[in-house]
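Peer 1: kindly generate the corresponding structure for this input.
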Amino acid sequence: MSALFAGPDQPSFLYVLAHGAGAGMRHAFLENIASALATANVATLRYQFPYMEAGRKRPDTPALATATVRAAVNRAAERMPGVPIVAGGKSFGGRMTSTAQAAEPLPGVRGLAFLGFPLHPPGRPGSDRAAHLDQVKVPMLFLQGTRDDFAQLDLLEPVVKRLADRATLHLIENGDHSFRVPKRAGGARDVMGELVNAISEWGAALIR
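Peer 2: From the prediction side, this is the model:
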C-alpha cells in the first residue's frame, strides 16, 4: 500500500484520507486539500486502495477495501503516535472508512469526515448505503455539495437527523459531487477554504 504524509510535525490531528473510486491519492483535489489542511495545522495520510495501485478500474471488494482502511489507520498511528486521528475520505473512500468503522471500531479514530458521502448512484435515489452508519458510534462530519447527484438532500438530511448528535452536515452551496461550483457562485479557492475550515474546526472541537 502506497501512502503520502503531508503536514506539520506536531499537528492538531491527523486525517487519514482515502481517495474516491475513479481517481487515486495523487488526484488534484486530494493534493490541494492536503496542502490546504497543512496550513491549518492538520496533517494528512493519503493512501492507495489495491485496485488503484494495480491500475485496475473496478474497485476492490468491501472486505479488501475495509482491510486497507484499517491498515492505513494503523500506519498513521505508527507514523504519529499520540496524535489524534480522524479518518474518512472522498466518496467511495469515505464510505469504505465508515463501513470499516461500523464493522469494528478503527483503533484510535476519534471521528469520521466524509468529502461527498455517496448515498446512492446518480439517478438511482435511495439511502440503503447509509444503513451501516447506525453502527458507527464516533462523530461524523458530512461535507456535501447541494448539487451532489450522489446524495439528494431530501434523502441525506433525514439520515443525518437520524444519527442525531453524532452527525454534522456542512453544505457547500451550489457544489456538485466534486465540490465544483458555477463561476457565478465563487471560485474553487473559496470552496477549498470552506472545506478546510469546516474540517479543522470540527476536528478541533472533537479532540478537546
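
Peer 1: the bottom helix or strand of this protein by mean pLDDT?
Peer 2: In the chain, no helix or strand scores lower on mean pLDDT, DSSP states H and E than helix 188-206, which sits at a mean of 92.

Peer 1: buried residues in it?
Peer 2: By neighbour count on 16 or more other CB atoms under 10 Å, the buried set for helix 188-206 is 191-192, 194-196, 198-200, 202-203, 206. (Glycine included, C-beta is placed from N, CA and C.)

Peer 1: figure out how far it is from the centre of its chain.
Peer 2: Distance of helix 188-206 from the chain centroid (CA atoms, centre = their mean, to the nearest Å) equals 12 Å.

Peer 1: and what of stretch 48-57?
Peer 2: Taking mean C-alpha positions (CA atoms, centre = their mean), stretch 48-57 and its chain are 18 Å apart.

Peer 1: residues contacting that stretch, please?
Peer 2: Outside stretch 48-57, the residues that touch it by CB atoms under 8 Å, 6 or more residues apart in numbering are 1-3, 18-19, 24-25, 58-60, 64-65, 68, 93, 96.

Peer 1: now do stretch 62-70: distance to the chain's middle.
Peer 2: Relative to its parent chain, stretch 62-70 has a centroid offset of 15 Å by CA atoms, centre = their mean.

Peer 1: tabulate the CA atom coordinates of it in PDB.
Peer 2: Extracted in PDB, the C-alpha atoms of stretch 62-70 (Å, rounded to 0.1, in the frame of the first residue of the first chain):
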ATOM      1  CA  PRO A  62     -15.700  -4.200   0.600                       C
ATOM      2  CA  ALA A  63     -13.700  -6.800   2.600                       C
ATOM      3  CA  LEU A  64     -10.400  -5.800   0.900                       C
ATOM      4  CA  ALA A  65     -11.200  -2.100   0.900                       C
ATOM      5  CA  THR A  66     -12.000  -2.100   4.600                       C
ATOM      6  CA  ALA A  67      -8.900  -4.100   5.400                       C
ATOM      7  CA  THR A  68      -6.900  -1.400   3.600                       C
ATOM      8  CA  VAL A  69      -8.600   1.300   5.600                       C
ATOM      9  CA  ARG A  70      -7.700  -0.500   8.800                       C
END
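
Peer 1: could I get the average pLDDT for it?
Peer 2: Stretch 62-70 carries an average pLDDT of 98.

Peer 1: for that stretch, buried residues please.
Peer 2: By neighbour count with 16+ other CB under 10 Å, stretch 62-70 contains the buried residues 65-66, 68-70.

Peer 1: now the strands: where do they sit in this protein?
Peer 2: Counting by DSSP state E, one finds strands in the chain at the ranges 3-6, 13-18, 42-47, 85-90, 109-115, 140-145, 167-172.

Peer 1: would CSV of these with mean neighbour count be doable?
Peer 2: Below are the strands of the chain laid out as CSV (neighbours: other CB atoms under 10 Å):
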stretch, mean neighbour count
strand 3-6, 16
strand 13-18, 26
strand 42-47, 25
strand 85-90, 27
strand 109-115, 23
strand 140-145, 24
strand 167-172, 18
